[in-house]
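[1] I need the structure of the sequence given here:
(chains A and B)
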Protein chains: 2
Amino acid sequence: MLNYSVIGTGAIGGFYGGRLAHAGRAVRFLLHSDYEYVKQYGLRVDSCDGDFVLPQVEAYNNVEDMPQSDVILVALKSVNNHDLLPKLLRPLIHEDTTVVLIQNGIGLEEDLQSVFPGLHIVAGLAFICCAKEGPGHIHHQDFGPINLGNYSCPDGRFKTLLSDMQDAGLKAAQVPYLEARWKKAVWNMPFNGMTVALNTSTDKLLNTPATRQLIYDQMLEVIGAAQALGVSTLTSEFADQMMTTTDRMVPYSPSMKLDFDNGRPMEIEYLYSRPIAEARKAGFEMPKLAMLEAELRFIGESDIWA
Amino acid sequence: MLNYSVIGTGAIGGFYGGRLAHAGRAVRFLLHSDYEYVKQYGLRVDSCDGDFVLPQVEAYNNVEDMPQSDVILVALKSVNNHDLLPKLLRPLIHEDTTVVLIQNGIGLEEDLQSVFPGLHIVAGLAFICCAKEGPGHIHHQDFGPINLGNYSCPDGRFKTLLSDMQDAGLKAAQVPYLEARWKKAVWNMPFNGMTVALNTSTDKLLNTPATRQLIYDQMLEVIGAAQALGVSTLTSEFADQMMTTTDRMVPYSPSMKLDFDNGRPMEIEYLYSRPIAEARKAGFEMPKLAMLEAELRFIGESDIWA
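    Predicted coordinates for the structure are as follows:
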């Protein structure tokens, strides 16, 4: 049986890793500020799919103390991917290790592969509303599926990972790699940035006619970019679907809004700069999302909200 | 000699009307909240071109009391152009009246002409930094030229207006109508909206690389739109010029930012909606400025800054 490690035991890492541990898998959790608490009390997951508690988990506060791992779930913010992530991964990687980047954005696997050329990498796109309520306490509020896009993992290992997750009760599905990342971007790029730029929530953006149209136009920019990069399965129909889905959601603050409100750096590079640059290389301009990127860079550098 | 009336004796109306009165022209000022003060104390203009005081001016607080006028300088916010302005103009207009709309935006003359088909209308584009410091007290800080674009005024009357202004010490120049309005929009559309959207000033926008590029891109959108509408004299060189000019300005809050900060309605329709719609009709899209329009509509409708 595969053993798992979780790098970044926040809401995402705590939920997906927690479900695997609850199903009996060996899961080692790397923690930072929550280490002492989780070492003593384990993990608690309140979930719309059924609450559970793991009174004891394998908790670590230093990668050097962790054994090498078959599968590593990375659930850090992507702002850490250049400098910190390679340092955290290096001690844990053996010949057959698969890293699953449960992160948003474009180009993450390509960048990690250039640091670890032999590494098996999978993209994990989580469609989930969950939040860390306190140390070792995760609240899974809604949704839950995780799409896995195989970037550079041998097929057999990928299939095992997929069934491990499904056996653990997770709605894990295989999606072609590029489609998986760009499909997530359709919702992420407009809503993450616009809730920060206008200091608001998803519902208010959709309930104001002017911004409703703007969000839709931005979704079409993402879909156009994806198509220019070869993802032919993504059409404007998906934008309609995302509008309807979001209309039905409770007023929501996406992760970038939470990051900004809590003084954390925003994931501008992989969520905006990279996809916009990739699209531009393919001859496709994304004017509104490029403007949003500029606004976010300005906001991120200034104290306008102080 | 032509007689003049000023509708909207704020900074703009007070300055240009004041200079004409100072040069000996008959000028009637329509005032609102400042009526009592100005009736008693006149107008004071502190100007980088030379201070002056008009101890007594022809002040009115009701158009019905005003005589008809040869030239009417309109310096109200364009949000008033549909409902209030026609009511204010009607009693003052005779057969040969010329109205000068010293306002920003696109399409203003066309709309007014449809209300008053026989009216002579001139566009007035003021390149000036001036502010009302208090009742009847105008501070002319910098610049000062006024470009006049002849929309529907007989040539002779237009020439007289031009020379009246020049004789009064104003830097008035004739510019082809459409070019005059669109040239002003090159600076106005990016800076008015972006200082509101990002709660900032012109210098901060230009000193942040991301927004500096964004402002420039937005200027190019305006120039592209103007060209699509036949203004071939406007080229990207003018955008470079505007960037340099603004770099040299003191940190500045454009009129829309002042309106917003003071709880006044923003001139979104003529400054954004109309030019974007006109350009679209000519087959030219302005994606970044359309996004800015949507953001401004959202901001204008909400209390995010409360």
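[2] any weak-confidence spans in the stretch 151-300 of chain A?
    Scanning the stretch 151-300 of chain A for pLDDT under 70 picks out no residues.
[3] residue ranges for the strands of it, please.
    Per DSSP state E, counting those that start in this stretch, the stretch 151-300 of chain A carries strands over the ranges A:172-174.
[4] residues from it in reach of chain B?
    With CB under 8 Å from any CB of the partner chain as the criterion, the stretch 151-300 of chain A meets chain B at residues A:197-200, A:204-205, A:208, A:210-211, A:213-214, A:217, A:287-288, A:290-295, A:297-299. The C-beta positions use only the backbone N, C-alpha and C, and glycine is treated the same way.
[5] Buried among the residues you listed? Need that as a selection in ChimeraX.
    A single ChimeraX command selects the buried members of those (16 or more other CB atoms under 10 Å in any protein chain shown):
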select /A:197,198,199,200,204,205,208,210,211,214,217,287,288,290,291,292,293,294,295,297,298,299
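[6] In the stretch 51-200 of chain A, which residue sits closest to chain B?
    In the stretch 51-200 of chain A, no residue comes nearer to chain B than A:Asn199, which is 4.8 Å away by CB to the nearest CB.
[7] Could you pick out which of the residues of the stretch 151-300 of chain A next to chain B are located in helices?
    Using DSSP state H, the subset of these located in helices is A:197, A:204-205, A:210-211, A:213-214, A:217, A:287-288, A:290-295, A:297-299.
[8] Per-residue pLDDT of A:Trp129, please?
    Careful, residue A:129 is Cys and not Trp. In this model, A:Cys129 is scored at 87, pLDDT.
[9] burial of it, as a residue count?
    Number of residues near A:Cys129 (other CB atoms under 10 Å in any protein chain shown) recorded here: 17.
[10] Look up phi and psi at it.
    phi -110, psi 100 (degrees, to the nearest 10).
[11] Then A:Ala21?
    According to degrees, to the nearest 10, A:Ala21 has phi -60, psi -40.
[12] neighbours around it, how many?
    25.
[13] Could you verify my assumption that it touches A:Val27?
    Yes: contact criterion CB atoms under 8 Å: A:Ala21 and A:Val27 qualify, at 4.1 Å.
[14] Need the overlap of contacts for those two.
    Counting by CB atoms under 8 Å, 6 or more residues apart in numbering or on different chains, the contacts common to A:Ala21 and A:Val27 are A:Val57.
[15] contacting residues for A:Met66?
    A:Ser5, A:Arg28, A:Leu30, A:Tyr60, A:Pro91, A:Leu92.
[16] shouldn't the last one be in contact with A:Ile72?
    Read it as A:Leu92. Yes: applying CB under 8 Å, one finds A:Leu92 in contact with A:Ile72, separated by 5.8 Å.
[17] measure the closest residue to A:Pro287 other than its chain neighbours to A:Gln213 for me?
    Leaving aside its chain neighbours, A:Pro287 sits nearest to B:Pro287 (3.8 Å; criterion: CB to CB, 6 or more residues apart in numbering or on different chains). B:Pro287 sits 12 Å away from A:Gln213, taking CB to CB, to the nearest Å as the criterion.
[18] now A:Asp65
    Distance from A:Asp65 to A:Gln213, by CB to CB: 53 Å.
[19] What helix or strand is A:Glu110 located in?
    helix A:108-115 (DSSP states H and E).
[20] Starting from the host helix or strand of A:Asp46, tell me which strands it pairs with and how they run.
    Assigned by DSSP H and E, A:Asp46 falls within strand A:43-47. Note on strand A:43-47: by DSSP bridges, its sheet partners are strand A:52-54 (antiparallel), strand A:137-150 (parallel).
[21] Looking at the ones you listed, which one is packed in the most?
    strand A:137-150 (a mean of 20; mean count of other CB atoms under 10 Å in any protein chain shown).
[22] one step back: between the contacts of A:Met66, which is nearest A:Gln40?
    A:Tyr60 (13.9 Å; CB to CB).
[23] Run a quick neighbour tally on that closest one.
    Neighbours of A:Tyr60 using other CB under 10 Å come to 20.
[24] List the beta-bridge partners for it.
    As assigned using DSSP bridges, the partners bridged with A:Tyr60 are A:Leu30.
[25] Enumerate every residue touching A:Arg28.
    A:Asn3, A:Tyr4, A:Ser5, A:Val6, A:Glu58, A:Ala59, A:Tyr60, A:Met66, A:Pro67, A:Ser69.
[26] Just to be sure, it is in a strand?
    Yes: remark: A:Arg28 belongs to a strand, assigned using DSSP: H, G, I helix; E, B strand; the rest coil.
[27] From A:Glu58, how far out is it?
    4 Å.
[28] Ok, A:Thr97 next?
    In terms of CB to CB, A:Thr97 sits 17 Å off from A:Glu58.
[29] Same question for A:Pro265.
    Taking CB to CB, one finds A:Pro265 at 29 Å from A:Glu58.
[30] is it true that A:Pro275 touches A:Val222?
    Yes: counting by CB under 8 Å, A:Val222 is a contact partner of A:Pro275 at 7.4 Å.
[31] Can you work out which residues contact both of these two?
    A:Trp182, A:Ala185, A:Met189, A:Met286, A:Leu289.
[32] Tell me how many other residues surround the third one.
    Other residues within reach of A:Met189, judged by other CB under 10 Å, total 30.
[33] same check, this time on the one 4 residues further on
    Using other CB under 10 Å, A:Gly193 has 26 other residues around it.
[34] what's the closest non-adjacent residue to the residue nearest the centre of chain A?
    Nearest to the geometric centre of chain A sits A:Gln103, at 2.7 Å (CA atoms, centre = their mean). Among residues not flanking A:Gln103 along the chain, A:Ser78 sits closest, at 4.8 Å (CB to CB, 6+ apart).
[35] Contact partners for the one you found?
    A:Ser78 neighbours (CB under 8 Å, 6+ apart): A:Gln103, A:Asn104, A:Gly105, A:Leu108, A:Glu267, A:Glu269, A:Tyr270, A:Leu271.
[36] need these in TSV with distance to B:Gly10, can you?
    Converted to TSV, those look like this (distance: CB to CB, whole Å):
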residue	distance to B:Gly10
A:Gln103	53
A:Asn104	49
A:Gly105	49
A:Leu108	54
A:Glu267	45
A:Glu269	45
A:Tyr270	48
A:Leu271	44
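[37] Going by distance to A:Gly124, which of the residues you listed wins?
    Closest approach between those and A:Gly124, by CB to CB: A:Gln103, at 7.6 Å.
[38] Could I have the buried ones of the contacts of A:Arg28 as ChimeraX selection syntax?
    Those of the contacts of A:Arg28 that count as buried under 16+ other CB under 10 Å are selected in ChimeraX with:
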select /A:3,4,5,6,58,59,60,66,69
